[in-house]
Every structure is written in C-alpha cells, then in structure tokens.
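# Got a predicted structure plus its sequence, pasted below:
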Amino acid sequence: MKVACAVRAGGRRRRTRTAGTSPTAHQHPALLPVYRDIEELLAERGVEVDHVTVYRWVQRFTPLQAEAARPCRHRAGDRWFVDETYVKVAGRWRYLYRYRAIDQFGQVIDVLVSPQRDAKAARRFFEQAIATTKVAPVEVVTD
C-alpha cells in the first residue's frame, strides 16, 4: 500500500491511501483513518457530520463493541508474560503500578493499576486474572 501526502486548506498535510484497501488492526496507527478522513468519506456519501461527532461515536461505541466481542475471544493460554510499570498521569510520572498479563498467543489476559507495588497487589492481580479466565498458568514469565 502506498501512502501519499496531500496538502489540505491551511497548509496542513494529511496522509491519504492510494491503494484503496482498508486498514487492518495490525497496521501502523499513522496509516489508520483519522476522524477528519471519516468526516470527508461520509460527506462524499451525502452525510454531513463533524469530526468531533465521529470522535464521540468512537468513545461511546468502542467499549460496547469490545464487550460484545469478549465471548468470541479464544480461551486464554497457560503461559503468561507479566510485566509491571509505573504510569504517567496528567503529565507527571506517578507510582501507580500497572500489572499486565499476556498469554503465549498475544491475547491480553488482565490489567490492574495499583497505588502500591507489593505482594498484596500482585496476589490480587493473579487472583483476579485466574478468576476471570478460569485458567491457572503453568508458566509465568516476568521481565
């Protein structure tokens, strides 16, 4: 797929796809359509909508789609890759530890944000992940 740059009114550049194929979830985020592109696509089809409205639709309906797709997910694997990190909140690094587990197939099993990094938080994370997936890991790999 080739990507070309087009100059929009006001001198701003925008990416356009020339191959005509729709993007997939595995492509780079810069190649995915932006809200203004969707606004233009809908305008070509006679639907007048603002890009902010498209943004609001995404915010409103994405969680519903994710929840509806949840039963279709594959059964979680028995080998989990667990990492922890602290996150940036409101532009400042905060010690809110985020625990995340991914199985051998790349499926996210669970995520937990905790104010403390201790055994109690790690135990709570694993108990919650095992209860949700109903799979006890055979192997846990940490970094």
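Thanks, I have it. Every value quoted in this text rests on a predicted model; they were computed, and no experiment measured them.
# all strands in the chain, in order from the N-terminus.
Here the chain has its strands, by DSSP state E, at 3-7, 13-17, 79-89, 92-103, 108-114, 139-142.
# Of these, which is nearest Ala66?
strand 108-114 (11.0 Å; CB to CB). (C-beta placed from N, C-alpha, C; glycine too.)
# so what strands line up beside the closest one?
With DSSP bridges as the test, strand 108-114 is paired with strand 92-103 (antiparallel).
# pLDDT of the partner strand, averaged?
The pLDDT scores in strand 92-103 average 76.
# ok, now stretch 136-143?
Confidence for stretch 136-143, expressed as mean pLDDT, is 87.
# lowest-confidence helix or strand of this structure?
Least confident helix or strand, the chain: strand 3-7 with a mean of 42, by mean pLDDT, DSSP states H and E.
# Run through the chain and note the low-pLDDT ranges.
Along the chain, segments meeting pLDDT under 70 span 1-32, 71-73, 94-96.
# And stretch 127-143, how far out from the chain middle?
Relative to the mean C-alpha coordinate of its chain, stretch 127-143 is positioned 21 Å out (CA atoms, centre = their mean, to the nearest Å).
# in it, what's buried?
For stretch 127-143, burial by neighbour count (16 or more other CB atoms under 10 Å) applies to Gln128, Ala129, Ile130, Thr133, Pro137.
# what do you get for stretch 83-99?
Neighbour counts over stretch 83-99 (16+ other CB under 10 Å) mark Glu84, Tyr97, Tyr99 as buried.
# Give me the nearest residue to the second one, chain neighbours excluded.
Setting aside the residues directly before and after it, Tyr97 is nearest to Arg117 in space (CB to CB, 6 or more residues apart in numbering), at 4.4 Å.
# What of Ile130?
With CB to CB, 6+ apart as the criterion, Ile130 has its nearest non-adjacent residue at 5.6 Å, and that residue is Ala136.
# re the thing from before, quick one: the buried residues of stretch 83-99 as CSV, columns for distance to Thr53 too.
Output for these, formatted as CSV (distance: CB to CB, whole Å):
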residue, distance to Thr53
Glu84, 38
Tyr97, 37
Tyr99, 36
